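> my questions concern the predicted model and sequence given below.
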Protein chains: 2
Amino acid sequence: MSNAGANSLKQQDGKSLLKNDHLLNLEVDVLYHLGLDTSSNDLKAMFGDVKYVCMGGTKYRMREFAAYMAVVLEIPQEGKLVNLTKHSQRYAMYKVGPVLSVSHGIGIPSMTVLMQEVIKLMHYAGVKDPEFFRIGTSGGVGIPAGSVVVSSWGLNGVLERTYDLPILGTTRKFPAILDNSLSQELLATASPDDDFEIHSGGTFATDDFYRGQARLDGPFCDYTDADKMTFLKKLSSMGVKNIEMETTAFAAFTGEAGIRSAVVCVTFLDRLLGDQVTTSKSTLLDWQTRPMTVIGRYIVKSYQKTKSK
Amino acid sequence: MSNAGANSLKQQDGKSLLKNDHLLNLEVDVLYHLGLDTSSNDLKAMFGDVKYVCMGGTKYRMREFAAYMAVVLEIPQEGKLVNLTKHSQRYAMYKVGPVLSVSHGIGIPSMTVLMQEVIKLMHYAGVKDPEFFRIGTSGGVGIPAGSVVVSSWGLNGVLERTYDLPILGTTRKFPAILDNSLSQELLATASPDDDFEIHSGGTFATDDFYRGQARLDGPFCDYTDADKMTFLKKLSSMGVKNIEMETTAFAAFTGEAGIRSAVVCVTFLDRLLGDQVTTSKSTLLDWQTRPMTVIGRYIVKSYQKTKSK
């Protein structure tokens, strides 16, 4: 029974990730898309030591990240990494010591389904002050393909720094600003030996990959190349460094829960130069490890501090 | 070269699924999220005989649907069904004779990425008059759990029958009405022996599973149970029979391409009675086959007509 006997969602430190007293009335909370619940699973035993929640689009990338973190945190793995949410047939979730590595699919709705259930999971597991990261791929705006961008804020489709969600028929706006101190710590992990650039800037988060991102190569398009370039240059002038499909909601929901969070993406192309991703798959897979390197360095350093306390 | 030498996207019958003359300038079109392109793959040979494109959330469901269609269309399979888009690490796509069965993940952005590339794929394969189906799971509104709903239209988060997409910074509205004749043909497949109800009605398509669907069980909620019930009853009074996360965009994009399409979902609960999906996984898996049965019956009948022409 998830909150049996409790009359508050607050943890011992007085904080709570959850802002919903209706949950106090639930005998069992079914985290449906994770295939977990508060009755059948001992969530404190399974997840109580998590500190860093890392999310990204594909199962493969997040399994790779979990394997990478096992190496850099020197946590020996017995056998293959286990997908802890395979039962749900939706997402993939791997755990390596203090790191939870979870796939969220493509786009805001897919990500927020996962993310809201992971926020509840962290609460039920009694995790204090978790930090959330999104490890992504994106299109760059005016920076070389292969660069890494640490997002300062998300910009929605109508060029506002908010995540807009209709609730009970009325659209509500949630601020989409990311934690500046965490961004600075991530940028500070850069090494002069790195073979890639790292940038800080705004991230345009769209609900569509084609017209939503001013592409000319979707099945439908009634604007010109000049219209597209005017729009992309406008984004650039507003401080946008890359384009993907999740940052606004990621910033808004972690903000609402009071969770420190960051978005770190690699860019697969410079949208000022084209629309299509034509770089070879092997190069793209290599570039995909760059945000993992940045976040991995931060986690190793942060985790060592935690342990030495 | 995808359109080399062509000065029009029209097929021999004068129609085109594509409304974008920029595509005539592409030497190669990379369908990035499918892991296919017009240069390395002979798309006409691979997909030229497709007639029915069926999409649904999970890889497992769509593999099951492909296997089911192989049985009912009596198309023997040698070995296991092959995921034709495994290379992309994003979606799963299986082909059985005239049926393409593809997973689209959760939510509109995930689905439209896939769908727009499948529409281009159908064009490059020279497929004439394909029909598109979404096979989904949903929450019901005022009908018994386990019922099947054939959608008449989609309703967006602010209760309009449109799909709203920001393009170049300005929101545009696309009608979200589904093909009435195809819906009627699907409803007509019902048999008195069926152990489930089948309904026709509107589908509320949201961008969020929790507050977006007036649930009380997400991590965040500041409205009351009474607010929720007032909203759900309003949906019911507008003709909404179920709630999911894709119908508006599915209707809009198939409409824009001139494709006949339908959405057939099973309901996993009645939202007027609760928020959580507590029915056993085995019962849910059984219920999930119901939309497959409905669409399967239609395809068998329709395909027999095509062959006898």
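Right, received. Where do you want to start? Numbering: from 1, shown residues only, chains lettered A, B, ... in the order given.
> give me the distance between A:Thr85 and B:Asn41.
Here the criterion is C-beta to C-beta, to the nearest Å. By it, A:Thr85 lies 33 Å from B:Asn41. (C-beta placed from N, C-alpha, C; glycine too.)
> and for A:Ala262?
38 Å.
> these two: which is more packed in?
A:Ala262 (29 against 18; other C-beta atoms under 10 Å in any protein chain shown).
> for chain A, what's the longest helix?
helix A:281-308 (DSSP state H).
> contacting residues for the residue nearest to A:Asn180 when sequence neighbours are not counted?
The spatial neighbour of A:Asn180 that comes closest, neighbours along the chain excluded (C-beta to C-beta, 6 or more residues apart in numbering or on different chains), is A:Ser152 at 7.2 Å. Residues near A:Ser152 by C-beta atoms under 8 Å, 6 or more residues apart in numbering or on different chains: A:177-178, A:180, A:183, A:200-203, A:239.
> equivalent analysis for A:Thr254, please.
Per C-beta under 8 Å, 6+ apart, neighbours of A:Thr254: A:115, A:132, A:260-261.
> of those residues, which is the nearest to B:Leu34?
Taking C-beta to C-beta as the measure, B:Leu34 lies nearest A:Met115 of those, at 26.2 Å.
> ok now the helix or strand containing that closest one, how far from the chain's centre?
Assigned by DSSP states H and E, A:Met115 belongs to helix A:108-124. Its chain's C-alpha centre and that of helix A:108-124 lie 11 Å apart, by C-alpha atoms, centre = their mean, to the nearest Å.
> for chain B, what are the nearby residues on the stretch 201-309 of chain A?
Contacts of the stretch 201-309 of chain A with chain B, taken as C-beta under 8 Å from any C-beta of the partner chain, map to A:206-212, A:214, A:216-223, A:225, A:227-228, A:231, A:234, A:245, A:253, A:256-257, A:276-278, A:281.
> show me where the stretch 151-300 of chain A has its strands.
A:162-167, A:170-175, A:198-205, A:240-244, A:260-270 (DSSP state E, counting those that start in this stretch).
> most tightly packed of those?
strand A:240-244 (a mean of 27; mean count of other C-beta atoms under 10 Å in any protein chain shown).
> outside of that strand, which residues touch it?
Contacts for strand A:240-244 (C-beta under 8 Å, 6+ apart): A:136-143, A:149, A:151, A:155, A:199-206, A:213, A:235, A:265, A:267, A:271.
> got the angle between it and strand A:198-205?
Here strand A:240-244 points in a direction 50 degrees away from that of strand A:198-205 (axes from the mean of the first three to the mean of the last three C-alpha atoms, to 10 degrees).
> what angle do strand A:240-244 and strand A:260-270 make?
Using the same axes, to 10 degrees: strand A:240-244 against strand A:260-270 is 90 degrees.
> before we move on, the earlier item: how about the contacts of A:Thr254, which pair is most distant?
A:Met115 and A:Arg260 (14.5 Å).
> can you list the domains in chain A?
A:1-128, A:136-309 (automatic domain parsing).
> could you give the mean pLDDT of the longest one?
Taken as a whole, domain A:136-309 has a mean pLDDT of 96.
> that older thread, and the residues of the stretch 201-309 of chain A next to chain B, which are buried?
For these, a burial check counting by 16 or more other C-beta atoms under 10 Å in any protein chain shown picks out A:206-212, A:214, A:216-221, A:223, A:228, A:231, A:245, A:253, A:256-257, A:276.
> quick check: residues of the stretch 1-150 of chain A near chain B?
Residues of the stretch 1-150 of chain A lying near chain B (C-beta under 8 Å from any C-beta): A:17-20, A:22-23, A:26, A:28-30, A:32-33, A:57-61, A:87, A:89-90, A:105-110, A:112-113, A:116, A:119-120, A:123.
> what residue ranges in the stretch 1-150 of chain A score low on pLDDT?
Scanning the stretch 1-150 of chain A with the threshold set as pLDDT under 70 gives A:1-6.
> what are the ranges of the helices in it?
With DSSP state H, counting those that start in this stretch as the criterion, the stretch 1-150 of chain A has helices at A:43-47, A:59-72, A:108-124.
> check which helices and strands the first one sits against.
Helix A:43-47 sits against helix A:108-124, with contacts defined as 3 or more C-beta pairs under 8 Å, 6 or more residues apart in numbering or on different chains; DSSP states H and E.
> and if you look at the longest one?
Counting contacts by 3+ C-beta pairs under 8 Å, 6+ apart, helix A:108-124 is packed against strand A:30-31, helix A:43-47, strand A:52-56, strand A:99-103, helix A:247-257, helix B:108-124.
> quick one: contacts for A:Val294?
Applying C-beta under 8 Å, 6+ apart, the residues near A:Val294 are A:148, A:150, A:186, A:189-190, A:198, A:264.
> farthest-apart pair in those residues, please.
A:Ala190 and A:Val264 (11.6 Å).
> so A:Leu235 touches A:Val141, yeah?
Yes - taking contacts as C-beta atoms under 8 Å, A:Leu235 lies within contact range of A:Val141: 5.7 Å.
> identify the contacts common to those two.
A:204, A:243.
> what's the most centrally placed residue in chain A in contact with, if anything?
In chain A, the centroid-proximal residue (C-alpha atoms, centre = their mean) is A:Arg134; its distance is 2.3 Å. Taking C-beta under 8 Å, 6+ apart, we find A:Arg134 in contact with A:54-56, A:104, A:246-247, A:250, A:261-265.
> same check, this time on A:Tyr32
A:88, A:117, B:276-277.
> which one of those residues is nearest A:Lys301?
Closest to A:Lys301, out of all of these and judged by C-beta to C-beta, is A:Glu117, at 29.0 Å.
> neighbours of that closest one, how many?
27.
> was I right to think it contacts A:His33?
Yes - counting by C-beta under 8 Å, A:Glu117 touches A:His33, with 5.6 Å between them.
> and A:Val50, how many neighbours?
Neighbours around A:Val50, by other C-beta under 10 Å: 20.
> the one 10 residues further on now?
In terms of burial, A:Tyr60 registers 15 neighbours under the definition other C-beta under 10 Å.
> excluding chain neighbours, what is closest to it?
Here the residue nearest A:Tyr60, using C-beta to C-beta, 6+ apart, is B:Gln89, at 4.9 Å.
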